[in-house]
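Engineer: please work out how this folds:
(2 chains)
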Amino acid sequence: MLDNAIHDLLDDRKGSVLETALGGAPVALRCETRSAAGSVSQRACVFCGSRVVLYPIADALHLVHGPAGCAAYTWDIRGALSSGPALHRHSFTTDLRETDVIYGGVAKLEKALRELIAQHAPRAAFVYSTCIVGLIGDDVDAVCRRVAADCGIPVIPVDSEGFKGTKKDGYKAACDALGKLIGTSSDPSVPPAPARSVAGINILGEFNLAGEAWMIRDTYARMGVPVVATLTGDARVDTVRLAHTARFNVVQCSGSMLGLAAMMETNYGQPYRRVSYFGLEDMAQALYDVADLFADEDPGMAARAEALVAAEMARVLPLLAPFRKDLEGARAAIYVGGAFKAHSLIKALRHLGMRTVLVGSQTGNKEDYERLQQLSDPGTIIMDDANPVELSRFVLEKKADLLIGGVKERPIAYKLGLAFCDHNHERKIPLAGFEGMVNFAREVHGSVTSPVWKFSSRRRS
Amino acid sequence: MMETEANPPEYAVNPCKVCAPLGASLAFKGVAGAVPLLHGSQGCATYIRRYLISHFREPVDIASSSFDEMAAVFGGRESLTRALDNVATSYRPELIGVATTCLSETIGDDVKDILRTYQPDAGRDCVRVHVSTPSYSGTHLDGFYATVLALVQALAEGGPALDLVNLFPGIVCPEDLRWLVRTAKGFGLESCLLPDYSDTLDGGQWTEYCRLPPGGTPLARIRESGRARASVELGWSQAGRETAGRFLNRDFGIHCESMGFPIGIEATDAFLAALSRISGRPVPQELEAERARLLDAYADAHKILAGQRAVVFGDEDTAIALALFLAEIGVAPVLVASGGTGALAATAVAAYPQLKGFDVTFLPDTDFGRLGEAAKKAEPTLLVGHSKGAKLARELDLPLVRLGFPVHDRFGAGRLSSLGYAGSHRLFDDVVNSILADRQAKSSIGYFYF
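Structural biologist: As a prediction, this is how the structure comes out:
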């Protein structure tokens, strides 16, 4: 059956799906390529990548230069919470019309920028270029320079034309934009603070969905580590500008921010570690890793981290036990944006007695997929840039009981009578950290054990 | 009072519309065995899928030609050809609906020619229909109607007349689509309802993934639209524009009746009178009973509604139909707003004499930024429209009666009916109960009887 399913893949998709074998060495999975035309990829575009990374900066003006659709589809799309201003939750667009496409959108862009900055007094503005801007040749950079000079705030163009690559290229464009802010002072007469002057860390790739960044910051605070800047969860323009002063960077959601971490290491000498806050082991490791980074200047931190982890484990494990009792032996499928998160989820599911039978991502790279193969049981399906036809087929072939994904994956699960856990932008419940693991267990349990599945045709058959 | 602007606004804050390719995708989803294919960047298809999924809570597969830089520079012929191949192989569709985007329109891809010269693999042929939907022109509603027109232009055939009525609704919910078919049947008429996403986007559970969800207007039925007794077009937004009904009238001599959405007594009376004329049959008894119940409800609740002032927004068809309905039940439509530019334009407003007695501000081509400012001046007591108004409702601390597209913050968008006496009754109850719930919540007494 499974051979048939893999054989049935579109030619363009062969090589992007594999089944792990017993004891075999990892096989190279085709990834980091453009989505196959007509394949109904779950990925969005370059613009999407940029928008999700920069979106949580709450006191910046995010102006989408293009037709209204691009801005409308991303209006308040992410649950990235702010503790103060919430300018990011508005959707600003130049709403380009046919005449603008013919005569150019520069004048409109400049007027929009000036008026919106005057009205909302943002601390910086990001101008996202959409497909059309790349074609009509608007000199967005020149407009941004003029407006920045007159308004006295950074006005940063984001090269996010949808067709210029994949979602990952959008991450890169966003990181380039962040790079232009980091290390700058809002007052040009004040000399910039020296790099690495604060005994704290930056968290890169943490977007404060459902308040997760606050929980993580709190946990690091208990270890005695201040967080200088979170990029970009609950971020402010001025904290982003200070990011160069932190001693180290930790990078979560590595797909989006690893490039920025490398740039900051080069420019400011900040070493970095990849971390994940999902699941108990990875959360614990994220604390140990930071303690390790500070081993020289604060040798006591390791002990504090261990004590903290021990206390949290003692608190959380008994809370997980009742969930595990019901979930033991259930099978899970994972399809998420970044592959690094998938690694953590496989481990987190094991804590609940669940086995992962399918795991895939939109933006994983070769190393991510090798690691996934090593982590997975034999017979696990690994897939890059999947589509609904493939996801549904393999989910059924592998008899998954649960699908973990986002909004676009949810109806696939429900149509087929599978449980579902939202692990994407829209989640309203924090799933990171120790407390997040309990929430995750509750979410999974609530769906897998729901009585409604007894009516589902799949279960009856 | 009329607020129309000669020039489009310089920018939008919280748009009150989405783009034409979404409307095209929705219309193609209402054709049996069809797969929409957007000729543009991958994001267009994915964002639109996400937006539609959040409304219908159903899988919505939309393919993309997935432009890259090479395609943008050298043209999208190869990408589109590859996409057509892959969709045909993977989905085995009866029809692929190709809609353009701002990208493919601006680089000047000749999609008609690409489709004409396209050579499908053996055994993988299907109907291919093209619609031009540059995202910088019009709204999702315009893309929707353009697609219905394109389908009829591509498929309608002449021949001996059939006991068939063409029904071209605007963007209404699946429950309303079912009502339209049922109602035509009550007059002894089969219908060519186009589009019909009542099953494709509001269906049951599956045992395996349905690449082509059951339902939709059969292609054979669309072909027969050229042999119908008449067409009925719903919605005011396309006044003065080429539509499927006007095309069939001109090219096939099919009588066309255009009217607003049948929401409320008067509008439903007009719709049923049209079906009665077309079929030569009287209005069925059970509809008369529904009408009586609705009138009775109007009487029961009229004092709750007296003095209420509503801000109405949505696509133009929905916004104007809601304004007329609210006027009918004694709620003043003080502000009628839309992201579209047709039905609320100065020239069109004269077509709604029922609104003459009210001091209505019409706000076409708006965003929620300007809508919010106008709403504050209008001193409303409730909002009626789609769920993107929830932010404004929260700000003004007023109830929002949800209707139209999209509804992203409640379940059951597919069953938010408003057409006919029964649909109007559901909406009427919702309006009245929203006012009561608001009063109850804000009352220090906490009344138990209303």
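Engineer: got the buried residues for the longest helix belonging to chain A?
Structural biologist: Longest helix of chain A, by residue count under DSSP state H: helix A:301-327. Within helix A:301-327, the residues scored as buried using 16 or more other C-beta atoms under 10 Å in any protein chain shown are A:301-302, A:304-305, A:308-309, A:312, A:316, A:320, A:323, A:327. Bear in mind the C-beta positions are built from the backbone N, C-alpha and C, glycine included.
Engineer: what pLDDT does A:His425 get?
Structural biologist: Listed pLDDT for A:His425 reads 82.
Engineer: would it count as being in a strand?
Structural biologist: No: according to DSSP: H, G, I helix; E, B strand; the rest coil, A:His425 belongs to no strand; its state is coil.
Engineer: OK, contacts around it?
Structural biologist: A:52, A:77-80, A:209, A:406-407 (C-beta atoms under 8 Å, 6 or more residues apart in numbering or on different chains).
Engineer: what does B:Pro8 give?
Structural biologist: Per C-beta under 8 Å, 6+ apart, neighbours of B:Pro8: A:95, A:97, B:365.
Engineer: top of those residues by neighbour count?
Structural biologist: A:Asp95 (29 neighbours; other C-beta atoms under 10 Å in any protein chain shown).
Engineer: how near is that residue to chain B?
Structural biologist: 4 Å (C-beta to the nearest C-beta, to the nearest Å).
Engineer: quick one, strands of the stretch 301-450 of chain B?
Structural biologist: Secondary structure of the stretch 301-450 of chain B by DSSP state E, counting those that start in this stretch: the strands cover B:309-313, B:332-337, B:361-363, B:382-385, B:400-402.
Engineer: distance of A:His351 relative to A:Ala441?
Structural biologist: Taking C-beta to C-beta, to the nearest Å as the measure, A:His351 falls 8 Å from A:Ala441.
Engineer: the more surrounded of those two?
Structural biologist: A direct count of neighbours by other C-beta under 10 Å for A:His351 and A:Ala441 places A:Ala441 higher, at 23 against 19.
Engineer: quick check: which element contains the residue nearest to A:Ile57 when sequence neighbours are not counted?
Structural biologist: Once flanking residues are discounted, A:Ile57 sits nearest to A:Ala235: 4.7 Å by C-beta to C-beta, 6 or more residues apart in numbering or on different chains. Taking DSSP states H and E as the definition, A:Ala235 sits outside all helices and strands.
Engineer: cool, and the one 5 residues further on?
Structural biologist: A:Val240 belongs to helix A:237-241 when assigned by DSSP H and E.
Engineer: could you do B:Arg293 as well?
Structural biologist: Short version, using DSSP H and E: B:Arg293 is in helix B:285-305.
Engineer: tell me which of the contacts of A:His425 fall in helices.
Structural biologist: A:Val52.
Engineer: count of residues packed around A:Arg350?
Structural biologist: 16.
Engineer: mind giving me the packing neighbours of the host helix or strand of it?
Structural biologist: Per DSSP H and E: A:Arg350 is located in helix A:339-351. In terms of contacts (3 or more C-beta pairs under 8 Å, 6 or more residues apart in numbering or on different chains; DSSP states H and E), helix A:339-351 is packed against helix A:254-268, helix A:280-293, strand A:331-336, strand A:355-361, helix A:366-375, helix A:433-448.
Engineer: how about these in JSON lines, adding distance to A:Val133?
Structural biologist: JSON lines is the format used below for the helices and strands packed on helix A:339-351 (distance: least, C-beta to C-beta, whole Å):
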{"stretch": "helix A:254-268", "distance to A:Val133": "22"}
{"stretch": "helix A:280-293", "distance to A:Val133": "39"}
{"stretch": "strand A:331-336", "distance to A:Val133": "30"}
{"stretch": "strand A:355-361", "distance to A:Val133": "29"}
{"stretch": "helix A:366-375", "distance to A:Val133": "32"}
{"stretch": "helix A:433-448", "distance to A:Val133": "39"}
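Engineer: can you put these in a markdown table and add distance to chain B?
Structural biologist: A markdown table is the format used below for the helices and strands packed on helix A:339-351 (distance: least, C-beta to the nearest C-beta, whole Å):
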| stretch | distance to chain B |
| --- | --- |
| helix A:254-268 | 16 |
| helix A:280-293 | 28 |
| strand A:331-336 | 13 |
| strand A:355-361 | 14 |
| helix A:366-375 | 20 |
| helix A:433-448 | 15 |
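Engineer: pull the distance from stretch A:336-344 to the chain's centre.
Structural biologist: With C-alpha atoms, centre = their mean, to the nearest Å as the basis, stretch A:336-344 stands 9 Å off its chain's centre.
Engineer: least confident of the strands of the stretch 301-450 of chain B, on average?
Structural biologist: For the strands of the stretch 301-450 of chain B, where the average pLDDT is lowest is strand B:361-363, sitting at a mean of 93.
Engineer: list just the nearest of the contacts of A:His425 to A:Asp296.
Structural biologist: A:Leu209 (33.6 Å; C-beta to C-beta).
Engineer: so what's that closest one bridging to?
Structural biologist: Note on A:Leu209: beta-bridge partners A:Ala80, judged by DSSP bridges.
Engineer: tally of neighbours for it?
Structural biologist: Neighbour tally, A:Leu209, other C-beta under 10 Å: 23.
Engineer: try the one 4 residues further on
Structural biologist: Neighbour count for A:Ala213, taken as other C-beta under 10 Å: 28.
Engineer: how about B:Thr381?
Structural biologist: Counted with other C-beta under 10 Å, B:Thr381 comes out at 18.
Engineer: pretty sure it sits against B:Leu400.
Structural biologist: No: here B:Thr381 does not reach B:Leu400: they are 11.8 Å apart, not a contact under C-beta atoms under 8 Å.
Engineer: return the helix or strand of chain B with the lowest mean pLDDT as PDB; C-alpha atoms alone will do.
Structural biologist: Within chain B, no helix or strand scores below helix B:346-349, which has a mean of 72 by mean pLDDT, DSSP states H and E. Written as PDB, here are the backbone C-alpha positions of helix B:346-349 (Å, rounded to 0.1, in the frame of the first residue of the first chain):
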ATOM      1  CA  ALA B 346     -24.100  57.900  -6.000                       C
ATOM      2  CA  THR B 347     -25.700  56.700  -9.300                       C
ATOM      3  CA  ALA B 348     -26.800  53.400  -7.800                       C
ATOM      4  CA  VAL B 349     -28.300  54.600  -4.500                       C
END
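Engineer: now that helix: buried residues?
Structural biologist: Within helix B:346-349, the residues scored as buried using 16+ other C-beta under 10 Å are B:348-349.
Engineer: stretch A:110-124 too?
Structural biologist: A:110, A:112-114, A:116-117, A:120, A:122-124.
Engineer: right, and the pair among the residues you listed with maximum separation?
Structural biologist: Across the buried residues of stretch A:110-124, the two lying at the largest distance from each other (C-beta to C-beta) are A:Glu110 and A:Arg123, at 19.7 Å.
Engineer: quickly list the domain ranges of chain A.
Structural biologist: A:2-30+A:320-460, A:46-181, A:198-312 (automatic domain parsing).
Engineer: pLDDT of the shortest one, averaged?
Structural biologist: Average pLDDT, domain A:198-312: 95.
Engineer: next: stretch B:159-168.
Structural biologist: On average, stretch B:159-168 scores 97.
Engineer: residues touching that stretch, excluding its own?
Structural biologist: Contacts of stretch B:159-168 with the rest of the structure, by C-beta under 8 Å, 6+ apart, involve B:148, B:180-181, B:184, B:188-194, B:224-234, B:243-245, B:248, B:254, B:275, B:278-279.
Engineer: buried members of the residues you listed into PyMOL, please.
Structural biologist: The buried residues among those can be selected in PyMOL (16+ other C-beta under 10 Å) with this line:
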select buried, chain B and resi 148+180+181+184+189+190+191+192+193+194+224+225+226+227+228+229+230+231+232+233+234+243+244+245+248+254+275+278+279
